[in-house]
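Student: Structure for the following, please:
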Amino acid sequence: MDRLILEGEAYWAFITEPSVRFEPCYSINLVMDTNSLKLFEEKGHNIRCLKGVQSNTVKEHKRKTKNGTYITIKEHERRTAKKSLVIKRRVRQEKGMIINPPIFLCSDINKAPLKNGTKVKVACKEWQHTGNYGTFTGLDLEAVQVV
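Tutor: Numbers count the residues shown, from 1 in each chain. Coordinates of the predicted model:
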């Protein structure tokens with residue numbers, strides 16, 4: 001289908017090595033603006049809620065809550081849920097052939113393992129499959145660039 005270039009914050013990125021927790025795959029959770037996420041949700045893509053994510057980019061500032069106590073912005077960020085778009089690439093095809101890993105572009109080697117909250121651009125390809133159990137849509141992870 002169409003190749004897309006998306007921009008946002010990366011969370012739980014497995015780009016250089018696949019995640020082997022369930023099915024081996026390269027993946028990234030991309031936090032974008034709410035309008036973009038709504039468009040992808042309407043198309044049937046997987047949207048995940050990231051409650052309690054620690055962001056390294058948020059400054060420490062105090063904020064008054066409803067009950068009068070003060071919390072830091074980082075604590076507020078951990079309590080409020082962020083929504084992210086899940087983009088994956090399998091390690092193997094159904095017939096057993098190994099798929100190439102996604103391309104990782106980074107000018108600073110110190111950022112190589114992506115930290116949560118890193119600004120990235122993601123190149124992905126939209127796919128759709130119709131089978132016995134319905135129509136499935138997803139995004140195939142092709143490349144990630146640290147901005």
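
Student: Which residues does the helix or strand hosting Gln128 contact?
Tutor: Assigned by DSSP states H and E, Gln128 belongs to strand 118-131. Contact with strand 118-131 is made by 1-10, 13, 28, 30, 43, 87, 103, 111, 114, 135-147, as judged by C-beta atoms under 8 Å, 6 or more residues apart in numbering. Where you see a C-beta, it was placed from the backbone N, CA and C, and this is true even at glycine.

Student: Pull up the distance across stretch 24-39, start to finish.
Tutor: Taking C-alpha to C-alpha, to the nearest Å, stretch 24-39 runs 28 Å from one end to the other.

Student: so for that stretch, what's the average pLDDT?
Tutor: For stretch 24-39, the mean per-residue pLDDT is 89.

Student: In contact with Gly138, which residues are there?
Tutor: 45-46, 88, 126-128.

Student: 6 Å instead?
Tutor: Gly138 sits next to Trp127 when contact means C-beta atoms under 6 Å, 6 or more residues apart in numbering.

Student: Can you give me the pLDDT of it?
Tutor: With respect to pLDDT, Gly138 has a value of 86.

Student: can you tell me which helix in this structure is longest?
Tutor: In the chain, with assignment by DSSP state H, the single longest helix is helix 34-43.

Student: Just want the angle from it to strand 118-131.
Tutor: 20 degrees (axes from the mean of the first three to the mean of the last three C-alpha atoms, to 10 degrees).

Student: So which elements touch the helix or strand following helix 34-43?
Tutor: Downstream of helix 34-43, the next assigned helix or strand under DSSP H and E is strand 47-50. The contact analysis (3 or more C-beta pairs under 6 Å, 6 or more residues apart in numbering; DSSP states H and E) places strand 47-50 against strand 82-90.

Student: Output the strand it packs on as PDB, restricted to C-alpha atoms.
Tutor: Extracted C-alpha coordinates of strand 82-90, given in PDB (Å, rounded to 0.1, in the frame of the first residue of the first chain):
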ATOM      1  CA  LYS A  82      -0.200   8.300  26.600                       C
ATOM      2  CA  LYS A  83      -1.500   6.600  23.500                       C
ATOM      3  CA  SER A  84       0.900   5.200  21.000                       C
ATOM      4  CA  LEU A  85       0.800   3.600  17.500                       C
ATOM      5  CA  VAL A  86       2.400   0.100  17.400                       C
ATOM      6  CA  ILE A  87       4.600  -0.500  14.400                       C
ATOM      7  CA  LYS A  88       6.200  -3.900  14.000                       C
ATOM      8  CA  ARG A  89       8.300  -6.000  11.600                       C
ATOM      9  CA  ARG A  90       8.500  -9.800  11.900                       C
END
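
Student: Nothing else from me, thank you.
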